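**Q** I need the structure of the sequence given here:
(one chain, ligands or ions: 1)
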Amino acid sequence: MNHVFYSKNGEKVFIRKLESIDAKNVLEYLCIVGGETDYLLFDHQGLGISIAEEEHILDQYYNHPNSLLLGCFIGEKIVSISNLSVKEKQRIKHISSLGISVKKQYWNQGIGRNLMKYMIEYAQKNDQIKVIQLEVRSDNLNAISLYKEMGFHSIGTMPKAMKIDDIYYENQIMLLEV
Ligand SMILES: CC(C)(COP(=O)(O)OP(=O)(O)OC[C@H]1O[C@@H](n2cnc3c(N)ncnc32)[C@H](O)[C@@H]1OP(=O)(O)O)[C@@H](O)C(=O)NCCC(=O)NCCS
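**A** Numbers count the residues shown, from 1 in each chain. Purely as a prediction, here's the structure:
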């Protein structure tokens with residue numbers, strides 16, 4: 001499962017499944033990325049859950065046969081996280097949702113593209129997953145550009161998908177059939 005690539009400025013990046021021992025680092029990472037952009041579902045306060053709760057989530061992903069939670073590491077530091085989460089109900093369990101974030105300091109280094117490529121290859125090899133869906137704010141043009149390059153297309157918009165400081169934002173709903 002471990003995989004290595006090099007960022008555009010030549011740093012060695014490891015991709016691996018996140019484990020319960022990563023819980024504290026993951027929560028800290030989420031607070032950092034949440035404070036760096038308004039495009040995620042949380043802010044600088046992160047998920048607001050305990051380390052024990054995060055350990056449980058990481059265990060569930062780690063042992064799940066069809067869902068995946070991966071971290072990109074430079075040295076010991078988490079620089080990016082992506083999740084691919086299948087729906088659990090019988091008639092929609094061929095659909096998985098994808099989320100991704102990269103620490104701002106490492107944007108535009110090819111990390112998002114490499115991690116997404118890895119997630120898509122995982123989905124392609126998985127017998128159950130047939131569709132990857134994601135939602136992205138319509139004004140998040142960098143992310144939309146990346147998703148289109150990876151083969152996703154927009155199937156419509158969701159008005160009032162996010163509310164920040166009393167302002168509503170629209171999302172694009174994007175799909176990739178695998
Ligand atoms: C969106 C995000 C995941 C992209 O990750 P990244 O590692 O910076 O992206 P990459 O360096 O792999 O770039 C891949 C492509 O994204 C697009 N892109 C990224 N940054 C861009 C920029 N500043 N301007 C234009 N396009 C950009 C380009 O298509 C780029 O292709 P290229 O490398 O051929 O130029 C990252 O910017 C991020 O975490 N943003 C904040 C959180 C977020 O928006 N998450 C997605 C929520 S749906």
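**Q** near the ligand, which residues of the protein?
**A** Within the chain, the positions near the ligand by Cβ under 6 Å from any ligand atom are 37, 39-40, 100-102, 107-113, 136, 140, 142-143, 145-146, 149. Every C-beta, even on glycine, is put in place using the N, C-alpha and C of the backbone.
**Q** what are the phi and psi values for the spatially most central residue of the chain?
**A** When Cα atoms, centre = their mean is applied to the chain, the residue found nearest the centroid is Ile100 (2.3 Å). Per-residue torsions, Ile100: phi -150, psi 150 (degrees, to the nearest 10).
**Q** Please produce a PyMOL select command covering the buried subset of the residues of the chain next to the ligand.
**A** Per 16 or more other Cβ atoms under 10 Å, the buried members of the residues of the chain next to the ligand correspond to this PyMOL selection:
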select buried, resi 40+100+101+102+109+110+111+112+113+136+140+143+146
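**Q** Among the residues of the chain next to the ligand, name the ones in strands.
**A** 100-102, 136 (DSSP state E).
**Q** Out of the residues you listed, which two sit at the greatest distance?
**A** Farthest-apart pair in those is Val102 and Val136; separation 13.9 Å (Cβ to Cβ).
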